[in-house]
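Chemist: below are the sequence and a predicted model; questions follow.
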Amino acid sequence: MSTPFEELANLDKLIHEPARLAILTALSACESADFTALRRLTGLSDGNLSVQLTKLEEAGLVNIQKQFVAKKPSTRAKITKKGNEAIQRHWEKLNSIKQNADAWEDNLSEE
Amino acid sequence: MKDRYAQIKFFASNYSRLQGLRLVPVGLLSLFVATWSNTRQGQLDGPLTALLVTILLYWLIDRYYNRVFGQVKQTPSQRKRETITSIAFGALALLAFALDTAEIIPVCALGLVFAAALFADFWHATRSVRKEAFATFPENFAASILILIVSILPLFGITWWEGWGIKSQVTGVFVIVGIVIFLTGIWGHIRITRDLSTVEAKTDEHTL
């Protein structure tokens, strides 16, 4: 049986990075969100959010739509089916690691 | 760490609902209509003007939130659930109003429907933060309890609205609902402004 440390090391780095995990978590709770809302929800700076969204789009986890609303540019992000499955799987894995870590700690203290 | 993501999920799934200022004109309208019906009857120019002012204020607040906080579109299932809930509580409110005007029950049925709607909203909104529901979204819970209490007080012989110079219990409950909606709106706005700023300060340092 692998230790919690090994399980942590095996997590998908693309999703587990805090900024991208925050973006995917926010987008998994809604149909879509614009750039301003994502900036507010995740607390990321404009530049950082833009970079992380591009990485997620390249991985096929989010769709980005750029359009003009009232003559102003508007960027809207939407999680893909693949992205939704990936974030659900990731949270399940994190919960499982936490449970295993708690059990592992209990075993160590008993020994 | 998980709490922060649960909070993000809570805000993302309830984005419009948590923009408290949207409630302020609705609360003021309820308060105005209740006061108007208590003092004057017949002419509808007052409530119609108040309704137009409410629509204008709501539109301005909507523009403010869209510009400063951006837009989050709910999932189709969330929209469907909210539509069904609104229709169900709307129908119940009409039935309750009929019961109240007939004065056949010793409690304010309309107040009970308002309290139930606020509690249902609180319960659904906090599903991602169930263990910290009261700390995360206390205003709707507190509002539902307060309206429940004022609705059932006549059961114990307490006709509180008379002491306020209000003619009927329904009008009194409308006054309370107006004040409560106004205050929860202000509370909600303070929370969204404060909490989203807090998230910003905490997270930017380790994401670049």
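Modeler: Structure received.
Chemist: going forward, measure contacts and count neighbours with C-alpha atoms only.
Modeler: Will do.
Chemist: what sits against the residue nearest to the spatial centre of chain B?
Modeler: Centroid-nearest residue in chain B: residue B:181, 4.8 Å away (criterion: C-alpha atoms, centre = their mean). Neighbouring residues of residue B:181 by C-alpha atoms under 8 Å, 6 or more residues apart in numbering or on different chains: B:23-24, B:26-27, B:143.
Chemist: if you set the cut-off to 10 Å instead, what comes out?
Modeler: B:20-28, B:30-31, B:139-140, B:143, B:175, B:187 (C-alpha atoms under 10 Å, 6 or more residues apart in numbering or on different chains).
Chemist: tell me the residue of chain A that sits nearest chain B?
Modeler: Per C-alpha to the nearest C-alpha, the residue of chain A with the smallest distance to chain B is residue A:43, at 3.6 Å.
Chemist: quick check: phi and psi at the residue nearest in space to the middle of chain A.
Modeler: Residue closest to the average C-alpha location in chain A (C-alpha atoms, centre = their mean): residue A:21, at 2.3 Å. Dihedral pair for residue A:21: phi -60, psi -40, per degrees, to the nearest 10.
Chemist: that one contacts residue B:5, doesn't it?
Modeler: Yes. Look at residue A:21 against residue B:5 with C-alpha atoms under 10 Å: they come within range, at 8.2 Å.
Chemist: find residues that contact each of those two.
Modeler: Counting by C-alpha under 10 Å, 6+ apart, the residues touching both residue A:21 and residue B:5 are residue A:42.
Chemist: can you tell me which of the contacts of residue B:181 end up in helices?
Modeler: B:23-28, B:30-31, B:139-140, B:143, B:175, B:187 (DSSP state H).
Chemist: export stretch B:61-76 as PDB, just CAs?
Modeler: This file holds the C-alpha atoms of stretch B:61-76, laid out as PDB (Å, rounded to 0.1, in the frame of the first residue of the first chain):
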ATOM      1  CA  ILE B  61     -27.400  47.800  -9.200                       C
ATOM      2  CA  ASP B  62     -27.300  45.100 -11.800                       C
ATOM      3  CA  ARG B  63     -25.000  47.200 -13.900                       C
ATOM      4  CA  TYR B  64     -22.800  48.000 -10.900                       C
ATOM      5  CA  TYR B  65     -22.400  44.300 -10.000                       C
ATOM      6  CA  ASN B  66     -21.700  43.300 -13.600                       C
ATOM      7  CA  ARG B  67     -19.000  45.900 -14.000                       C
ATOM      8  CA  VAL B  68     -17.300  45.400 -10.600                       C
ATOM      9  CA  PHE B  69     -17.900  41.700  -9.900                       C
ATOM     10  CA  GLY B  70     -18.400  40.300 -13.400                       C
ATOM     11  CA  GLN B  71     -21.000  37.700 -14.400                       C
ATOM     12  CA  VAL B  72     -21.400  34.000 -13.500                       C
ATOM     13  CA  LYS B  73     -24.000  32.000 -15.400                       C
ATOM     14  CA  GLN B  74     -25.700  29.300 -13.400                       C
ATOM     15  CA  THR B  75     -26.000  25.700 -14.700                       C
ATOM     16  CA  PRO B  76     -29.300  24.700 -16.400                       C
END
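Chemist: let me see the ranges of the strands in chain B.
Modeler: Under the criterion DSSP state E, chain B contains strands at B:72-73.
Chemist: got a list of what residue B:45 touches?
Modeler: Contact partners of residue B:45, counting by C-alpha under 10 Å, 6+ apart, are residue B:51.
Chemist: what pLDDT is listed against it?
Modeler: pLDDT recorded at residue B:45 is 81.
Chemist: repeat for residue B:1
Modeler: pLDDT at residue B:1 comes out at 52.
Chemist: could you do residue B:40 as well?
Modeler: Value for residue B:40, per-residue pLDDT: 74.
Chemist: show me what contacts it?
Modeler: So residue B:40 contacts residue B:46 (C-alpha under 10 Å, 6+ apart).
Chemist: please tell me how far it sits from chain A.
Modeler: As defined by C-alpha to the nearest C-alpha, to the nearest Å, residue B:40 lies at a distance of 44 Å from chain A.
Chemist: and the contacts of residue B:181, which is closest to chain A?
Modeler: Using C-alpha to the nearest C-alpha, the contacts of residue B:181 come closest to chain A at residue B:20, 15.9 Å.
Chemist: looking at it, that closest one is touching residue B:182, isn't it?
Modeler: Yes. If you go by C-alpha under 10 Å, residue B:20 and residue B:182 touch, sitting 8.8 Å apart.
Chemist: which neighbours do those two have in common?
Modeler: Listed as contacting both residue B:20 and residue B:182 by C-alpha under 10 Å, 6+ apart are residue B:188.
Chemist: thinking again about what came up before, what's around the residue of chain A closest to chain B, how many residues?
Modeler: For residue A:43, the count of nearby residues is 26 (other C-alpha atoms under 10 Å in any protein chain shown).
Chemist: what's the pLDDT at it?
Modeler: So residue A:43 comes in at 91 (pLDDT).
Chemist: that one contacts residue A:19, correct?
Modeler: Yes. Assessed by C-alpha under 10 Å, residue A:43 is found in contact with residue A:19 at 8.8 Å.
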